[in-house]
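1. Curious how this folds, go ahead:
(2 chains)
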There are 2 protein chains.
Amino acid sequence: MTTYTAPIRDIRYVLEHVTPLRELTALPAFAHAEPDLVAGLLEEVGRFSAQAIAPTNRDGDQHGATLDGDRVVLPDSFKKVYDQYVEAGWGTLQHPTEFGGGGFPLTVANAAKETINSANLAFSLGPLLTTGAVYLLTHHGSAEQQQTYLPKMVTGEWAGTMNLTEPQAGSDVGAVTTRAVPADDGSYRITGQKIYITFGEHELTENIVHLVLARLPDAPPGTKGISLFLVPKFLVNDDGSLGERNDVSVVSLEHKLGIHASPTCVMAYGEDGEGAVGYLVGEPHTGMRGMFTMMNDARLGVGIQGLAIAERAYQQALAYAQERRQGRGPTSAPGEQAPIIEHADVRRMLLTMKANIEAMRALCYANAHALDLAHGADDPVVREQQQKLADLLTPLSKAWCTDLGVELTSLAVQVHGGMGYVEETGVAQHFRDARIAPIYEGTNGIQALDLVGRKLPYDGGAYVKGVLGEIRDTVDALPEELGTVAVNLGDALDALQEATDWIFAQRETPNEVFAGATPYLRMFATVVGGWLLARGAVSASAAIASGDTGTFDAEFLQAKLTTTRFFAEQVLPTVRGLQPSVTAGSRDLYALTPALLAP
Amino acid sequence: MTTYTAPIRDIRYVLEHVTPLRELTALPAFAHAEPDLVAGLLEEVGRFSAQAIAPTNRDGDQHGATLDGDRVVLPDSFKKVYDQYVEAGWGTLQHPTEFGGGGFPLTVANAAKETINSANLAFSLGPLLTTGAVYLLTHHGSAEQQQTYLPKMVTGEWAGTMNLTEPQAGSDVGAVTTRAVPADDGSYRITGQKIYITFGEHELTENIVHLVLARLPDAPPGTKGISLFLVPKFLVNDDGSLGERNDVSVVSLEHKLGIHASPTCVMAYGEDGEGAVGYLVGEPHTGMRGMFTMMNDARLGVGIQGLAIAERAYQQALAYAQERRQGRGPTSAPGEQAPIIEHADVRRMLLTMKANIEAMRALCYANAHALDLAHGADDPVVREQQQKLADLLTPLSKAWCTDLGVELTSLAVQVHGGMGYVEETGVAQHFRDARIAPIYEGTNGIQALDLVGRKLPYDGGAYVKGVLGEIRDTVDALPEELGTVAVNLGDALDALQEATDWIFAQRETPNEVFAGATPYLRMFATVVGGWLLARGAVSASAAIASGDTGTFDAEFLQAKLTTTRFFAEQVLPTVRGLQPSVTAGSRDLYALTPALLAP
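-> You can find the predicted model right below:
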């Protein structure tokens, strides 16, 4: 079995030196999130993740979720740890205090989420979806809906799900055909089938609140005709007790490459009669607006999954590299086998993982930080600017961190050699689990289109130019000690700037831009990752110079300068190599007919 | 179920325009391998792979190899198709005619192997190991051993295995402890346990010939004390009939991430008595020499696996992209969902796969071509030079093609969106299967060390400089039509040249070189891939200009210019991005103590 230790020290480093929590706690909205309180809370959730959740990961992979009639059966270990999770209140952190939430910044809640994701990705998906549903109801639900559902959902006593996808409507959500017909009592009757519904059915909670995209009879076609409905598994009586079973049920479970213990359900609504009872959330035909509200949070959540699974795999690779002896290291005595961590190539793999993970963490936490300021800042101008920043960073967090999740778990497998390919070792599970994250919650291709098609045009391009200018300011202000960081970040930024200029010059021919959107996203995210590490390094370097290193050992802060330099010198140079793919346009992509593409 | 079509047209393109088969058939050794004969043979084996083997792939993945007592049970479909394989003589192609082989160039045999690997990677491993064993016995076996074993092994009626690894002896083969004690009759008694033995036990064949590394009682430590033994599952009587069961048996099977139907065995030798009966192959203590003889062939074989699995996954992604409709394409009518192949980002994924696969194929076939010339050329100087070329290309073929095998099967999963993560779709199997190839037959880290540590120093560095000079000549001679190829290949070559110069300057500090060996290998292989594609494009372009396009449509040759240009413009620029990782040295890799690497 593989162990996991919550990287609290690394997390606290980000919250102190990269994207400071004190900027949030200075605001009235988050005044209660004092550093000591947060530190204690992170220690505690980290312990819970490591000691209670992490041991269920293997069990979940091996036994998975299974269907028994219309019941979804999860491993026994899941129910127990889920109850502990509810009991401890780990689900409540970022939710509004008026519904029983902790009112903590998302940044703090996401730090907790990181550790839970690392501990058991499949398990964490239940809470993730519940959080999304809470978020949606908080922003779009009626007062009555909020009162009825939120208190139980915030704690996790009831779960939530998101029902978007149908066989013909995946990335193309506008193609949804599930129907909603008004009933006499003001509710609706929902009929249709949804696929890929994560935790669509299970018995961890006494009720499940499904949020379902469907069309009203008079709906216009496309995304503008989609409405959002709340469909509880058990109807809720006026006194809050559970009533009748609603006409919604699981039809089948997918047999997946990974996250075996996360039930991926085909859900049927209204199979047995005139439709499942549903309640309209928000105005008719505005379902997509609700989805967009939630999307930043959910997509960032998936980015954190990429980070979290990479961290877990890294820890396992590191442990193995210290334990496994093979060959001679640079300083081994003759005839003695060295731990493989002594071999430069193994070190390279470990450092590559570590430096990228630190950049991923910096990005995800900066993204949450921006969302927190967007919600909690006093100044409306700041709120607007930070919302734009969050909007810009979200596709980067989601796509880059999940692509790296796959790449870095693959490196962790490689560190294990033959043992990495044997399932008992456990590292292959991380590789399998990680592979979902580039796909769901908007494929990474969709993220890239979102970046170039929706985010770059903000303020006619002025917004993104401002961000690139901020990065330039950081480069210009880097101390001499971080000279190679300045050079490499500066050069990567130049490449990004040139690619961005090229994109703006193609306004009239969007498909030319779409052709290079994926490598452009990678360029952008890599630069932002390097920028955030550099910001942290500046702060850490100043702390070391001042002699007051606060919470951290000087040695630890020094190590952050090393990983920042590694990232700058060895990862950032790849950015320029991607630029030609961005600016090549679509010509060669469409040059071959299907007959010529085929063997 | 997924279908597979052998890409015979693409294979023949390589054999005509990239690394011409006619250069081989001009030699007496391969004179009988006439183009028409080879073309027919490839068509036939391609059909066999597609129609007989490919349908067993899913079955093998789902049912896998299982252990029943000391029997390994494979899916029923395997025995049937294996018998057909033996019957058709597909195992004999490259083996010497004197033992019943076809005497074809390895290039041709490898083309056949590519299609078999694509059809069912797990299945193909049995024949792969048999081929390796044949190769070894052909070069190092005694006349008697050859007469006794080779005729049956060449056809595949008997299988062969390679037994190197022990728990403490993986990459560090010198740590082998299996013992061999001389018996009175001139044979030996072998005692020990071997792990990761591919097709170590099965009932596809009536006998299995194990080649086993072990130590004689007087053996010096390390690799210089390793001897090679032949240990048949059933002893062979003087008349060639099968005799007593030898004391070798399977202890357990590994439960692996992929290639489920390839039994990965723990093998016990001499558990029941005084040792398994074995026969010394070659001289005492020269076992590693035998292994090295075989290694080029086996490592290239694994490189072809990376190519083959990527091709299979590409074909599946291409089919899905034409069938699946989602969203609007650049030219869709309003309200109409376009096949996703119309989306630029999907096209990018497909072209990325296709261009890389073509480069991988060019590399593997050029590698085989060099081996063929090394064995078959009349001029001993040519033989020597071509052996060096093969030695240089082998780590590139093995590591680059298998890393790309993982990356490209991952892209194929991505093209499928959510369906890619569902096992029934079949593409996830390719992703799982592909992940073994960077590990076995020398991890890719070992390949990189082999490249910088053993191959670059050939002729004091003059050899590799000569090869880079040849690439430069190609760049200089590129026609105007391929101008961007010249620019990009030239620039990537400059970067490779600079990195190579840096490496030669570090002779005294090998660990500085080892630190960047992996990115250096990737640089080198990418440049060679681009070079070979460019050579093909020059030839194809000349054929188009001449109006005589021979076997191929002008349109098909034109498509090769497109993929060459795509590779040059979009893949080659990544080479320079890797250079800083090569020349960074080891400082940052060793800067962090384990305590600072840990969470």
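2. what ranges do the helices span in the stretch 1-150 of chain A?
-> Ranges of helices in the stretch 1-150 of chain A, per DSSP state H, counting those that start in this stretch, are A:8-13, A:22-25, A:35-48, A:57-63, A:76-88, A:106-119, A:121-140, A:143-155.
3. Who are the packing partners of the second one?
-> Read it as helix A:22-25. Where contact means 3 or more Cβ pairs under 8 Å, 6 or more residues apart in numbering or on different chains; DSSP states H and E, helix A:22-25 is packed against helix A:344-376. Heads up, the C-betas are built off the backbone N, CA and C, glycines and all.
4. before we move on, what about the fifth one?
-> Judged by 3+ Cβ pairs under 8 Å, 6+ apart, helix A:76-88 is in contact with helix A:35-48, helix A:57-63, helix A:121-140.
5. Look at A:Thr331 and say how many residues are nearby.
-> Residues contacting A:Thr331 under the criterion other Cβ atoms under 10 Å in any protein chain shown number 8.
6. and the stretch 251-400 of chain A, which of its residues are near chain B?
-> By the rule Cβ under 8 Å from any Cβ of the partner chain, the part of the stretch 251-400 of chain A lying against chain B is A:254-258, A:311, A:315, A:318, A:322, A:325-327, A:330, A:335, A:337, A:341, A:343-351, A:354.
7. which residues touch the closest residue to chain B within the stretch 51-200 of chain A?
-> Residue nearest to chain B within the stretch 51-200 of chain A: A:Asp172 (4.3 Å; Cβ to the nearest Cβ). The contact partners of A:Asp172, by Cβ atoms under 8 Å, 6 or more residues apart in numbering or on different chains, come to B:326-327, B:337.
8. can you narrow the residues you listed to ones near chain A?
-> Taking Cβ under 8 Å from any Cβ as the test, chain A is in contact with B:326-327, B:337 out of the contacts of A:Asp172.
9. Could you check how far the one helix or strand A:Cys265 maps to is from the centre of its chain?
-> Using DSSP states H and E, the element containing A:Cys265 is strand A:264-269. Relative to the mean C-alpha coordinate of its chain, strand A:264-269 is positioned 23 Å out (Cα atoms, centre = their mean, to the nearest Å).
10. partners of it, with directions?
-> Looking at strand A:264-269 with DSSP bridges, its partner strands are strand A:188-198 (antiparallel), strand A:248-253 (antiparallel).
11. which residues sit against it?
-> For strand A:264-269, contacts defined as Cβ under 8 Å, 6+ apart pick out A:72, A:163, A:178, A:190-201, A:210, A:212, A:231, A:247-254, A:256, A:275-276, A:278.
12. Kindly report the same for stretch A:378-390.
-> Taking Cβ under 8 Å, 6+ apart as the rule, stretch A:378-390 contacts A:27-28, A:296, A:367, A:370-371, A:373-375, A:377, A:458-459, A:463, A:467.
13. need the contact list for A:Ser586.
-> By Cβ under 8 Å, 6+ apart, the residues touching A:Ser586 are A:511-512, A:514-515, B:344, B:347.
14. and it, helix, strand or coil?
-> With DSSP: H, G, I helix; E, B strand; the rest coil as the basis, the three-state label of A:Ser586 is coil.
15. next one: A:Asp238
-> A:Asp238 is classified as coil under three-state DSSP.
16. Around it, count how many other residues there are.
-> Using other Cβ under 10 Å, A:Asp238 has 7 other residues around it.
17. A:Gly461 touches A:Asp501, doesn't it?
-> No: using Cβ atoms under 8 Å, A:Gly461 is not in contact with A:Asp501; the gap is 9.5 Å.
18. which of these two has more neighbours?
-> Taking other Cβ under 10 Å, A:Gly461 and A:Asp501 do not tie; A:Gly461 has more neighbours (15 against 12).
19. does chain B sit close to stretch A:54-73?
-> No: Stretch A:54-73 stays out of contact with chain B when judged by Cβ under 8 Å from any Cβ, the minimum separation being 10.1 Å.
20. and A:Gly585, what is it in contact with?
-> A:506, A:512, A:515-516.
21. Can you name the residues that contact the residue lying closest to A:Leu128 once chain neighbours are set aside?
-> Computed as Cβ to Cβ, 6 or more residues apart in numbering or on different chains, the closest residue to A:Leu128 that is not its neighbour in sequence is A:Gly301, at 5.4 Å. Going by Cβ under 8 Å, 6+ apart, A:Gly301 touches A:110, A:113, A:128, A:131-132, A:441.
22. so where's the stretch 101-250 of chain A shaky on pLDDT?
-> Counting by pLDDT under 70, the stretch 101-250 of chain A shows no low-confidence range.
23. Give me every residue in it lying close to chain B.
-> Contacts of the stretch 101-250 of chain A with chain B, taken as Cβ under 8 Å from any Cβ, map to A:165, A:168, A:170-172, A:175, A:195-196, A:221.
24. re the thing from before, so which of the strands paired with strand A:264-269 gets nearest B:Leu532?
-> Taking Cβ to Cβ, strand A:188-198 is the member of the strands paired with strand A:264-269 nearest to B:Leu532, at 41.9 Å.
25. pLDDT-wise, which helix or strand of chain A ranks last?
-> helix A:287-323 (a mean of 93; mean pLDDT, DSSP states H and E).
26. what about A:Asn444, how many neighbours?
-> So A:Asn444, with other Cβ under 10 Å, has 24 neighbours.
27. how near is the most centrally placed residue in chain A to chain B?
-> Residue closest to the average C-alpha location in chain A (Cα atoms, centre = their mean): A:Val302, at 2.2 Å. Using Cβ to the nearest Cβ, to the nearest Å, one gets 13 Å for the distance from A:Val302 to chain B.
28. Please name the nearest non-neighbouring residue to that residue.
-> Leaving aside its sequence neighbours, A:Val302 sits nearest to A:Glu441 (Cβ to Cβ, 6+ apart; 4.5 Å).
29. Give me the phi and psi angles of A:Asp272.
-> Main-chain dihedrals, A:Asp272, degrees, to the nearest 10: phi -100, psi 0.
30. Can you verify my assumption that it contacts A:Asn246?
-> No: using Cβ under 8 Å, A:Asp272 is not in contact with A:Asn246; the gap is 10.2 Å.
31. what's A:Ala344 in contact with, if anything?
-> Counting by Cβ under 8 Å, 6+ apart, A:Ala344 makes contact with A:330, B:511, B:514-515, B:517, B:586, B:589-590.
32. Including secondary structure, distance to B:Ser397 and pLDDT, could these go into JSON lines?
-> Shown next, in JSON lines, are the contacts of A:Ala344 (DSSP: H, G, I helix; E, B strand; the rest coil; distance: Cβ to Cβ, whole Å; pLDDT from 0 to 100):
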{"residue": "A:Pro330", "secondary structure": "coil", "distance to B:Ser397": "28", "pLDDT": "83"}
{"residue": "B:Asn511", "secondary structure": "helix", "distance to B:Ser397": "26", "pLDDT": "96"}
{"residue": "B:Phe514", "secondary structure": "helix", "distance to B:Ser397": "21", "pLDDT": "97"}
{"residue": "B:Ala515", "secondary structure": "coil", "distance to B:Ser397": "23", "pLDDT": "98"}
{"residue": "B:Ala517", "secondary structure": "helix", "distance to B:Ser397": "16", "pLDDT": "98"}
{"residue": "B:Ser586", "secondary structure": "coil", "distance to B:Ser397": "27", "pLDDT": "95"}
{"residue": "B:Leu589", "secondary structure": "helix", "distance to B:Ser397": "27", "pLDDT": "96"}
{"residue": "B:Tyr590", "secondary structure": "helix", "distance to B:Ser397": "31", "pLDDT": "96"}
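33. For the residue of chain A found nearest chain B, grab the count of nearby residues.
-> Proximity of chain A to chain B (Cβ to the nearest Cβ) peaks at A:Gly577, 3.1 Å away. A:Gly577: 23 surrounding residues under other Cβ under 10 Å.
34. pretty sure it is in a helix, no?
-> Yes: assessed by three-state DSSP, A:Gly577 belongs to a helix.
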